[in-house]
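> Predicted structure and sequence below. I'll ask about it afterward.
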Amino acid sequence: MSMEWYLVVSALIFSIGAGGVLVRRNPLVILLCLELMLNGANLALVTFARMHGNGDGQVFALIVMVVAACEVAVGLGLIVAIFRRRLPIDVDELRELQG
Amino acid sequence: MAEVFFFLAAIGAIAGAVGTVSLRNPFYSVLALVCHLLSLAALFLLLRAEFVAAAQVVVYAGAVMVLYVFVVAYVGDQGPQLSGGGSGRLRIVSLLFAGALFVELCIAVLGSGLAALGSEGAGIQGATGEAADTGFGTAAEMGRLFLTKFLVAFEAASLLLLIAAVGAVILARRRSGLEDPREISVADVLRGDGGTGIEAPTESMLESSGSGKR
């Protein structure tokens, strides 16, 4: 199986995720689309590791997974805090940066 | 045979991604993302990244998605006015941007000098001999790399996880609102009178320091 196909799939997943971040307004779905973009990058990293034949790219992919887990934890904490303050859960409505 | 598996997994991954973006209910989006992550783990297995595939299934499709499901169940459905996209023109521009991004990524990835590396992967193609003795992608190889070559990155990742866990707890803890006079701050604790008396023992040290920073 040629490696270019994996790269095309990763580019497609990344583009779908980017389009979802731009189109959707629910911050939960935006976080899900960010996960899609990170996973597209992960697929490209693992493919590059396979091309080179060493494991450095896979280590990079694992670090990306760690960063994604942190992002999910903080992002979901923010959403729960927004929900508790009875603010609208809509990224178009949350314009003001004040505590 | 690998081609069949590749196309099955790729179709599953792309369908999951499209479902994540386009489904209206956030709960169904989470389930589509789980499907996408499992298909992506199959792609990782085809690329001989066994440990990454296992971590993808266990960490992503297990733990992180359970967290998502809990938050979706907690926040609940926000009504039909939220699930749609923005205005029509903005949506068209966004889709055009995504298409342009895809074309640009394909040009950058496929048109550059990556073909010099060989399209079939380097070194470990032999499937019986070389893959066995290099240990490419196994948990032992990943552990050896993490503890020798990438030790600093490993420690930084653990520190980042700790900071994110503490930050998530501070962000999502139950707070009583800004206008509530019963809030206790660091200054109250340092003053020695315990702030407002009765509710001081119910708040932990973490909460009192967190509300002091606010």
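Cool, the structure landed.
> in chain A, which spans are helices?
A:3-23, A:27-52, A:56-84 (DSSP state H).
> Check which helices and strands the longest one is in contact with.
Spelled out, it's helix A:56-84. helix A:27-52, helix B:50-55, helix B:65-75, helix B:139-147, helix B:151-172 (3 or more C-beta pairs under 8 Å, 6 or more residues apart in numbering or on different chains; DSSP states H and E). Every C-beta, even on glycine, is put in place using the N, C-alpha and C of the backbone.
> What is the longest one packed up against?
What that stands for is helix A:27-52. Short answer (3+ C-beta pairs under 8 Å, 6+ apart): helix A:27-52 packs on helix A:3-23, helix A:56-84, helix B:2-22, helix B:26-46, helix B:65-75.
> Now mean neighbour count, distance to residue A:30 and mean pLDDT too, for those, in CSV please.
Converted to CSV, the helices and strands packed on helix A:27-52 look like this (neighbours: other C-beta atoms under 10 Å in any protein chain shown; distance: least, C-beta to C-beta, whole Å; pLDDT from 0 to 100):
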stretch, mean neighbour count, distance to residue A:30, mean pLDDT
helix A:3-23, 23, 6, 91
helix A:56-84, 20, 9, 90
helix B:2-22, 18, 10, 92
helix B:26-46, 22, 10, 93
helix B:65-75, 17, 12, 90
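> Tell me who's in contact with the nearest residue to residue A:70 once chain neighbours are set aside.
Leaving aside its chain neighbours, residue A:70 sits nearest to residue B:164 (3.5 Å; criterion: C-beta to C-beta, 6 or more residues apart in numbering or on different chains). If a contact means C-beta atoms under 8 Å, 6 or more residues apart in numbering or on different chains, then residue B:164 has A:69, A:70, A:71, A:73, A:74 as its contacts.
> ok, the last one - contacts?
What that stands for is residue A:74. Contacts of residue A:74 by C-beta under 8 Å, 6+ apart are B:164, B:167, B:168, B:171.
> Please check the residues you listed and keep the buried ones.
Among these, those scoring as buried are B:164, B:168, B:171 (criterion: 16 or more other C-beta atoms under 10 Å in any protein chain shown).
> burial count for residue A:55?
For residue A:55, the count of nearby residues is 28 (other C-beta atoms under 10 Å in any protein chain shown).
> how far away is it from chain B?
Distance of residue A:55 to chain B, computed by C-beta to the nearest C-beta, to the nearest Å: 5 Å.
> picking up where we left off before, need the contacts of residue B:164 in a markdown table (columns: distance to residue B:40).
Below are these laid out as a markdown table (distance: C-beta to C-beta, whole Å):
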| residue | distance to residue B:40 |
| --- | --- |
| A:69 | 16 |
| A:70 | 20 |
| A:71 | 17 |
| A:73 | 21 |
| A:74 | 23 |
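> In PDB, list the C-alpha atoms belonging to stretch B:17-24.
Output of stretch B:17-24 as PDB, limited to C-alpha atoms (Å, rounded to 0.1, in the frame of the first residue of the first chain):
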ATOM      1  CA  ALA B  17     -15.200  12.700  10.500                       C
ATOM      2  CA  VAL B  18     -18.100  13.800   8.300                       C
ATOM      3  CA  GLY B  19     -20.600  12.500  10.800                       C
ATOM      4  CA  THR B  20     -18.800  14.400  13.600                       C
ATOM      5  CA  VAL B  21     -19.100  17.700  11.700                       C
ATOM      6  CA  SER B  22     -22.500  17.300  10.200                       C
ATOM      7  CA  LEU B  23     -24.700  15.600  12.800                       C
ATOM      8  CA  ARG B  24     -27.000  17.900  14.700                       C
END
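> Is it positioned near chain A?
Yes: residues of stretch B:17-24 are located near chain A by C-beta under 8 Å from any C-beta of the partner chain, namely B:17, B:18, B:20, B:21.
> Residue B:153: which of the residues you listed is nearest?
residue B:17 (27.9 Å; C-beta to C-beta).
> quick one: low-confidence parts of chain B?
B:77-86, B:112-134, B:175-189, B:191-214 (pLDDT under 70).
> mind giving me the domain ranges of it?
According to automatic domain parsing, chain B comprises the domains B:1-77, B:85-109.
> Name the residues that touch the shortest one?
Which is domain B:85-109. A:4, A:7-8, A:11-12, A:14-16, A:18-19, A:22-25, A:44, A:92.
> swap the cut-off to 6 Å and go again
Applying C-beta atoms under 6 Å, 6 or more residues apart in numbering or on different chains, the contact partners of domain B:85-109 are A:7, A:11, A:15, A:18, A:19, A:22, A:23.
> again with stretch B:22-41
Residues contacting stretch B:22-41 (C-beta under 6 Å, 6+ apart): A:28-29, A:32, A:39, B:9, B:12-13, B:16-17, B:19-20, B:53, B:56-57, B:60-61, B:65, B:68-69, B:72, B:83.
> Redo the helices and strands packed on helix A:56-84 as CSV? Include distance to residue B:101.
As requested, the helices and strands packed on helix A:56-84 are exported to CSV (distance: least, C-beta to C-beta, whole Å):
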stretch, distance to residue B:101
helix A:27-52, 10
helix B:50-55, 25
helix B:65-75, 25
helix B:139-147, 31
helix B:151-172, 28
